[in-house]
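**Student:** curious how this folds, go ahead:
(3 chains)
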Amino acid sequence: MAGSGTAHMRNTVDSVLTVRDLTVEFRVAKDKIVKAVSGLSFDVIRGETLAIVGESGCGKTTLARAVLQLPPPNSGEVVLDGTDLTLLPKENLRSARTSMQMIFQDPISSLDPRMTVHQLIDEPLEIWDRGTRAERDERINNLLNNVGLEPELVLNRRSYEFSGGQCQRISIARALALDPRMLICDEPVSALDVSIQAQILNLLQDMKDRFGLTMIFISHDLAVVKAVSNRVMVMYLGKICEVATPDALYSKPAHHYTKALLDSVPIADPTRQRKTELLQGEPPSPMNPPSGCRFRTRCHAATSRCAEQEPQLQEVAPGQFVACHHPIV
Amino acid sequence: MSSLLSVRNMSINFDTPRGSLEAVRGVDIEIPAGTSVGVVGESGSGKTVMCRAAMGLLQGSNVNRSGTVVFDGHELTAMSKEEVRNLFGSGMAMIFQDPMTALNPVRRIGSQLSEGLRVRLGMSKADALARSKELLELVRIPNAAAVLKSFPYQLSGGMRQRVMIAIAIACNPKLLFADEPTTALDVTVQAQILQLLRELREDLKMSMVLVTHDLGVVAGNTDYVAVMYAGEVVEYAPTKKLFADMRMPYTEALLESIPKVDHKSGTRLAMIAGRLPDPTDRGAGCSFAPRCKYAQEKCRNEHPELKKDLDGHLYRCWFPIGEAK
Amino acid sequence: MRKFTKPTWFAIGWLGLMMFFSLFGWLLPFKPWNYVFEDDLEVGLFSSGHILGTDSNGYDLLSSAVAGTRMSIFIAIAAVGLGGLIGSVLGISAAYLRGKIDTVMVTIFNVGLSVPNLVLALALVSVLATNVDINQAVPTWRRVMVLIISLTIVLIPILGRIARGATLSWSGREFVTAARSMGMKDSKIILRHIVPNVLPALIAVAFLAVGVVIIAEASLSILGVGIPDGASWGGMIARGRNDLEYAPHVLYVPIVFLALTVISTNHLGDVVRSKLDSREAKV
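**Tutor:** Okay, the predicted model is just below:
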């Protein structure tokens, strides 16, 4: 199956992660296959935050798990710092994983309720034998201070004693324990209260700056993504629609889906409410995606060409790539 | 404008092993007829508890309630459970955040929809089913006949929410409580549902209480906004006025800390430091003082009362924004 | 000390007493349980010398009951322990590893569950623990072994399914994914993250299972396929069947012991389960 193309790849030595032609499919019944991710390629440069945006069912979480090989994708390559993770034998993969850590959406369920905070953060250090007991304890205290928690107050408590925001801080501390190169954040603030979201987003930004991390930030919330990312990739039903910098994407979206997404975001200003045509209907089933362009069934600009030929990513403005036969100009 | 729903001095607390949990403290809210009122708050603000209590849905031996609720001239708090139940459907109706748990997973949609019609309006089975189909079409569900025969798990989140709305409006209620109806939905589906609610309100002349944490949602869908924090109403005003002329530092801070689509990318978000207040331990003074950047000595010691502006804008602050500090 | 209700204290006390008898009963100065007191046949309750009376053969009922705890409790704990151990190993591995292993295991469990336990025990005992010449007795330990084996076989799928269900639910949690992304080995994840979270549910069911097994063993003994010579509660009931009309206390004694034990294990199983549910609710 043809992918969306690779025009947006930058192919530099500075690339921390390069993913080519990634496909993830699940067999749910004898003749039903869910095509969660179909032939996707993208790259992330050192120090960059790539945001992956899309609604439920677009495959963004599946993509993140596939990059971590949890479980491995059906086909495609995932090259982290020069090594293709899909080709690694089990043992080598285990140790390669430590360069990529993940933050999850549900802060409380990301932490084992039976373990104390000390045990939780010590776990990765213990698996990989990073230092003596004293060195590890010191590192744990440092990590907790970095994320804004006082070690004496939290070390001996368990996850259910904390709020969502605090649990997320603990998860971040744990993720940073092994000094990863890259952090994948899967909807890290969606489950948090609004006034806490900003705290955690700022914290992630601080950690990224301090430790020189490269980040992939997955979200369905366009506003959140704009605040934290350098590059945005919009997904729909397992394919890439558009890749651009946040400023370009938000001010001049080229793909009709991107525009529909932006038009749907509620504006916190009663005097500036939009009167635009809303996107109708629902996404088709990933078991039976439309031929050609997968968005054509809901797109008012669709033509017969859209059904016959899958659009490839092409550059419509410097740094802005769109997979559409009739992009918005 | 007469009040359709009037909540006076409502206080609700729960007895828990950790002590008394004060969910709602002395809340006064008026819902004028023919309007949509937004209730904005985060976890622990008491917004959901208050709505459930206003509808008479709060039960349990550990619930202590005081205050009055008057709906359309009837004093609910003085009525028996039977009488309050009779008001459901044609008087008040409610839609919830998670349609999956609000719909019975083992009954078909048609059966759940027609139940209300048969019980409340005494319709025959055939009539109720026909009306159910009409209701599904009213909420813009394509293929209504097929959906009538489906089970909830066969529908998407957006569809289930539409079904729930159909059930709620089946008996033409005067007031619809919508408790975070779109929080669990994708942003494009959310926009559709909010538009549907706007149109239904106009067609059916229905009032609405829209509970949400999203200031963007209230900005485009409400006539009045009440902001709740730590179990109290801290600000209440017509929507346009609230956004143009905020009084409460909390509301201002909330608005500033929300990432916005037209925000300049790469800049830090203005955040509110500190944590949400503990409902089992309401201290003295203003509940927002520990996190307020304008807080002064008086704020920490004295609990501010709700004050009213000349133009009906209510706020609970010693040093509201816009006045000399 | 946590607040336990009176019934819970009673259950703990009774089971404690039974365990004590089971382990140390043979040390205590009870009369020998299989000694025939020819002078005291069918003596009623609270008679001198025999607190709970004797049956028509002259066996002292209290001593028999105390001796019975050994068999009944030992068999129950052994069967539940073995069945639980094997069942959880199978169930947890199947659920964690998924795929074909899981499908095979579920099939095995379902087949196992479809076999009625009493019929299986009957079959195994008659084949493995009965002499062709029925007049020759079989050593008791052999009967005990076969009983434990047959009850274990029945328990493996029951406890295995519970372990499997709990593991399926816990493996989906994000902290397990987090552990794998840290590079933790699967075996360690199972031991450190899955098992401690699955164990409480298993323990709650294990309590209930002990009650069920005690009754199963008693039923088998009444049928004559269990422990011979009345060395268990079921055996006492079997022995005393004929005394129902004139000396019913002969049956009441073992029945009361049996009933109180099973009620206690059931109650404690419920208590453990509800403590679990409240903890889960916090999580």
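**Student:** just the strands in chain B please.
**Tutor:** B:3-16, B:19-32, B:36-40, B:63-71, B:74-75, B:92-95, B:175-179, B:207-212, B:224-229, B:232-238, B:307-308, B:314-315 (DSSP state E).
**Student:** hang on, I meant chain A
**Tutor:** Going by DSSP E, chain A shows strands at A:15-29, A:32-45, A:49-53, A:75-80, A:83-84, A:100-103, A:182-186, A:214-219, A:231-236, A:239-244, A:313-317, A:320-323.
**Student:** most distant residue from the centre of the chain?
**Tutor:** Reading this off chain A. Ranking residues of chain A by C-alpha distance from their mean position (CA atoms, centre = their mean) puts residue A:134 at the top, at 35.2 Å.
**Student:** sorry, should have said chain B
**Tutor:** residue B:126 (34.5 Å).
**Student:** how does chain B divide into domains?
**Tutor:** Listed domain ranges for chain B are B:3-91+B:171-315, B:102-169 (source: automatic domain parsing).
**Student:** which one of these has the lowest average pLDDT?
**Tutor:** Per-stretch mean pLDDT for the domains of chain B is lowest at domain B:3-91+B:171-315 (a mean of 85).
**Student:** which residues does the nearest residue to residue B:173 once chain neighbours are set aside contact?
**Tutor:** Distance criterion CB to CB, 6 or more residues apart in numbering or on different chains; nearest residue to residue B:173, sequence neighbours excluded, is residue B:93 at 4.0 Å. Placement of C-beta: from N, CA and C, glycine included. Contact analysis of residue B:93 by CB atoms under 8 Å, 6 or more residues apart in numbering or on different chains lists B:168, B:169, B:171, B:173, B:175, B:176, B:177.
**Student:** so which bits of chain C are right by chain A?
**Tutor:** Taking CB under 8 Å from any CB of the partner chain as the criterion, chain C approaches chain A at residues C:173-175, C:177-185, C:188, C:193, C:196-197, C:282-283.
**Student:** buried ones in whichever helix or strand residue C:119 is part of?
**Tutor:** Secondary structure from DSSP states H and E places residue C:119 in helix C:117-128. For helix C:117-128, the buried set under the neighbour-count rule, 16 or more other CB atoms under 10 Å in any protein chain shown, comprises C:117, C:120, C:121, C:122, C:124, C:125.
**Student:** which one of the residues you listed sits closest to chain A?
**Tutor:** The nearest member of the buried residues of helix C:117-128 to chain A, counting by CB to the nearest CB, is residue C:117 at 34.0 Å.
**Student:** per-residue pLDDT, the closest residue to that closest one other than its chain neighbours?
**Tutor:** With CB to CB, 6+ apart as the criterion, residue C:117 has its nearest non-adjacent residue at 4.0 Å, and that residue is residue C:154. pLDDT, residue C:154: 87.
**Student:** now do residue C:35
**Tutor:** With respect to pLDDT, residue C:35 has a value of 70.
**Student:** next, count neighbours for it.
**Tutor:** 11 (other CB atoms under 10 Å in any protein chain shown).
**Student:** cool, and residue A:111?
**Tutor:** Residues near residue A:111, counting by other CB under 10 Å, number 26.
**Student:** I figured residue B:108 hits residue B:146, correct?
**Tutor:** No - using CB atoms under 8 Å, residue B:108 is not in contact with residue B:146; the gap is 11.1 Å.
**Student:** so the two - more neighbours on which side?
**Tutor:** The residue with more neighbours, out of residue B:108 and residue B:146, is residue B:108; 16 against 12, by other CB under 10 Å.
**Student:** so who does the more buried one touch?
**Tutor:** Per CB under 8 Å, 6+ apart, neighbours of residue B:108: B:148, B:149, B:150, B:151.
**Student:** the chain: helices as residue ranges?
**Tutor:** Let's take chain A. Shown for chain A, the helices assigned by DSSP state H span residues A:60-67, A:90-96, A:117-127, A:133-146, A:151-154, A:164-176, A:194-211, A:222-228, A:246-251, A:256-264, A:304-308.
**Student:** wait, chain B
**Tutor:** Under DSSP H, chain B gives helices at B:47-54, B:81-87, B:99-102, B:109-121, B:125-138, B:144-148, B:157-169, B:187-204, B:215-221, B:239-244, B:249-257, B:297-301.
**Student:** quick one: residues contacting residue B:280.
**Tutor:** The contact partners of residue B:280, by CB under 8 Å, 6+ apart, come to B:16, B:18, B:19, B:20, B:21, B:22.
**Student:** most surrounded residue in the residues you listed?
**Tutor:** Neighbour-wise, the contacts of residue B:280 (other CB under 10 Å) top out at residue B:22, 22 neighbours.
**Student:** list the residues that contact the closest residue to that residue other than its chain neighbours.
**Tutor:** Ranked by CB to CB, 6+ apart and with sequence neighbours excluded, the top spatial neighbour of residue B:22 is residue B:13, at 4.6 Å. Listed by CB under 8 Å, 6+ apart, the contact set of residue B:13 reads B:20, B:21, B:22, B:23, B:24, B:64.
**Student:** which of the residues you listed sits closest to chain C?
**Tutor:** residue B:21 (14.8 Å).
**Student:** okay, the residue in chain B that chain C sits nearest to and residue A:159: tell me how far apart.
**Tutor:** Ranked by CB to the nearest CB, the top residue of chain B for proximity to chain C is residue B:17, at 10.1 Å. When distance is defined by CB to CB, to the nearest Å, residue B:17 is 20 Å away from residue A:159.
**Student:** ok, residue B:195 next?
**Tutor:** Using CB to CB, residue B:195 is found at 40 Å from residue A:159.
**Student:** against residue C:19, how distant is the residue nearest to residue B:180 when sequence neighbours are not counted?
**Tutor:** Leaving aside its sequence neighbours, residue B:180 sits nearest to residue B:97 (CB to CB, 6+ apart; 4.0 Å). Between residue B:97 and residue C:19 the computed distance is 50 Å (CB to CB).
**Student:** okay, the two: which has more neighbours?
**Tutor:** Neighbours per residue (other CB under 10 Å) separate residue B:97 from residue C:19, with residue B:97 holding more: 18 against 14.
**Student:** quick check: buried residues in stretch A:115-134?
**Tutor:** If you call a residue buried by 16+ other CB under 10 Å, then stretch A:115-134 has these buried ones: A:115-128, A:130.
**Student:** let me fix that, I meant to ask about stretch C:99-107.
**Tutor:** Within stretch C:99-107, the residues that count as buried by 16+ other CB under 10 Å are C:102, C:105, C:106.
**Student:** using CSV, write down the CA coordinates of it.
**Tutor:** This file holds the C-alpha atoms of stretch C:99-107, laid out as CSV (Å, rounded to 0.1, in the frame of the first residue of the first chain):
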residue,chain,number,x,y,z
GLY,C,99,-1.9,-15.1,21.6
LYS,C,100,-2.0,-18.8,21.0
ILE,C,101,-0.9,-19.7,24.5
ASP,C,102,-3.9,-17.9,25.9
THR,C,103,-6.3,-19.6,23.5
VAL,C,104,-4.9,-23.0,24.4
MET,C,105,-5.1,-22.3,28.1
VAL,C,106,-8.6,-21.0,27.9
THR,C,107,-9.7,-24.2,26.1
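**Student:** quickly list what the residue nearest in space to the middle of chain B is bridged to.
**Tutor:** Centroid check for chain B by CA atoms, centre = their mean gives residue B:211 as the closest residue, at 2.4 Å. With beta bridges defined as DSSP bridges, residue B:211 has these partners: residue B:39, residue B:179.
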